[in-house]
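Peer 1: The following comprises the amino acid sequence and a computationally predicted model.
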Amino acid sequence: MNFKDKLQKAQKTNNSSLIVGLDIDADKIPLHLKKNDNEPLFTFLEQIINATKEHVCAYKPNIAFFEALGFYGLELLEEILAIIPEHIPVILDVKRGDIGNTAKKYAIAAFDELKVDAVTLAPYMGSDSIIPFLEYKDKYSFVLVLTSNKSSQELEMLKTEKGTYLFQETASLVNKWNSEYHNCGAVMGATNPDHFGLVENDLNDSLILVPGIGTQGGKVSDILTKERKNKKNYLFNVSRDIIYASNGEDFATIATEKAIFYKNEINQYL
């Protein structure tokens, strides 16, 4: 089953367009786990997955949080990937972007070794850094177009000679890649809602991953406006505001409540 089919099945089963980000941070997990559990990070993520698996359309582990733990972190990532329910797709947040020969190796690592369903990619180096991922027809790639961080304006909001923003040119490339490979989407940060309309036509046939909801201040209502086209293509990621909503013994219960809240909020505007 390819990524889009798997995603649509999960969306239908759980009535959800919510993605939960699995950004593991030892400093933020509940103290009682660190005191009483031999594998506190694994136990924490296992309980978060069990608490939210009926309310998500995908999970998005950010590889940086696992790599920061060294070899143990990579082992932990493999263990977590193994317990995510098979019918729920995994988007590995890696933001890779390198020359073609290197990009091929990154693609092998993500798709052949870790066997995830999708990745995030940085497009700064152009087609050479993207196409090796797109050649995996059953997988999916989300290209950074306009991100939610404040300093994104330093590059993504630069004006070109044509009078367009650089992120608009990136969206145009996503359109080109998706037209050829049919498995290329975009990352559009929820903290930039006024700019979504500028690239809507280019991204009309792409899935759009929207981070920045919750802790970063983005709002679903600002993205899924009445005028928005193809609302079903929008997938909303929430990480910290779900998995670290509580650092007490009730953390899993609170995570469930938060996931239901965001799922229902998204559905309200869909």
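Peer 2: Cool, the structure landed.
Peer 1: drop to CA atoms for contacts and neighbour counts, all remaining ones
Peer 2: Will do.
Peer 1: Verify the contact between residue 231 and residue 224 for me.
Peer 2: Yes - the pair residue 231 / residue 224 is scored as a contact, 6.6 Å apart, by C-alpha atoms under 8 Å.
Peer 1: What residues does residue 191 make contact with?
Peer 2: 148-149, 212-213, 216-219 (C-alpha atoms under 8 Å, 6 or more residues apart in numbering).
Peer 1: Can you pull the residues that touch both of residue 231 and residue 224?
Peer 2: residue 270.
Peer 1: Tell me the one among the contacts of residue 191 nearest to residue 203.
Peer 2: Residue 203 lies nearest to residue 148 out of the contacts of residue 191, by C-alpha to C-alpha, at 17.5 Å.
Peer 1: re the thing from before, quick check: the farthest pair among the contacts of residue 191?
Peer 2: Greatest spatial distance among the contacts of residue 191 (C-alpha to C-alpha): 149 and 219, at 14.7 Å.
Peer 1: the more surrounded of those two?
Peer 2: Remark: of residue 149 and residue 219, residue 219 carries more neighbours, 17 against 14, as counted by other C-alpha atoms under 10 Å.
Peer 1: In ChimeraX, how would I select just the buried ones from the contacts of residue 191?
Peer 2: A single ChimeraX command selects the buried members of those (16 or more other C-alpha atoms under 10 Å):
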select :148,212,213,216,218,219
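Peer 1: coming back round to it: who has more neighbours, residue 231 and residue 224?
Peer 2: Taking other C-alpha under 10 Å, residue 231 and residue 224 do not tie; residue 224 has more neighbours (20 against 17).
Peer 1: Roughly how far does residue 258 sit from residue 231?
Peer 2: Remark: distance between residue 258 and residue 231 (C-alpha to C-alpha, to the nearest Å) = 22 Å.
Peer 1: Same check on residue 76?
Peer 2: Separation of residue 76 from residue 231 (C-alpha to C-alpha) stands at 35 Å.
Peer 1: One more: residue 268?
Peer 2: Going from residue 268 to residue 231 by C-alpha to C-alpha gives 12 Å.
Peer 1: Now do the helices in the stretch 51-200 of the chain.
Peer 2: Per DSSP state H, counting those that start in this stretch, the stretch 51-200 of the chain carries helices over the ranges 63-67, 71-83, 100-107, 131-134, 166-181, 196-199.
Peer 1: Report the distance from the first one to the chain centre.
Peer 2: Read that as helix 63-67. Helix 63-67 has its C-alpha centroid displaced from the chain centroid by 14 Å (C-alpha atoms, centre = their mean, to the nearest Å).
Peer 1: begin at 24 from here
Peer 2: From this message on, residue numbering opens at 24, which makes the last subject helix 86-90.
Peer 1: which parts of that helix are buried?
Peer 2: Buried residues in helix 86-90 (16+ other C-alpha under 10 Å): 86, 88-89.
Peer 1: so which of those comes closest to residue 259?
Peer 2: Comparing those against residue 259 with C-alpha to C-alpha places residue 86 closest, at 18.6 Å.
Peer 1: Check that closest one and give its pLDDT.
Peer 2: Listed pLDDT for residue 86 reads 98.
Peer 1: same thing with residue 60?
Peer 2: On the pLDDT scale, residue 60 gets 88.
Peer 1: Quick one: neighbours of it, just the number.
Peer 2: Quick note: residue 60 (other C-alpha under 10 Å) scores 13 neighbours.
Peer 1: Need the three-state assignment for residue 39.
Peer 2: The three-state assignment at residue 39 reads coil, by DSSP: H, G, I helix; E, B strand; the rest coil.
Peer 1: And it, how far from residue 212?
Peer 2: With C-alpha to C-alpha as the criterion, residue 39 and residue 212 are 19 Å apart.
Peer 1: just residue 247 next, same as before
Peer 2: Taken as C-alpha to C-alpha, the span from residue 247 to residue 212 is 13 Å.
Peer 1: Same question for residue 82.
Peer 2: 17 Å.
Peer 1: same check, this time on residue 288
Peer 2: Residue 288 sits 17 Å away from residue 212, going by C-alpha to C-alpha.
Peer 1: do the same with residue 120
Peer 2: Residue 120 is 19 Å from residue 212, where distance means C-alpha to C-alpha.
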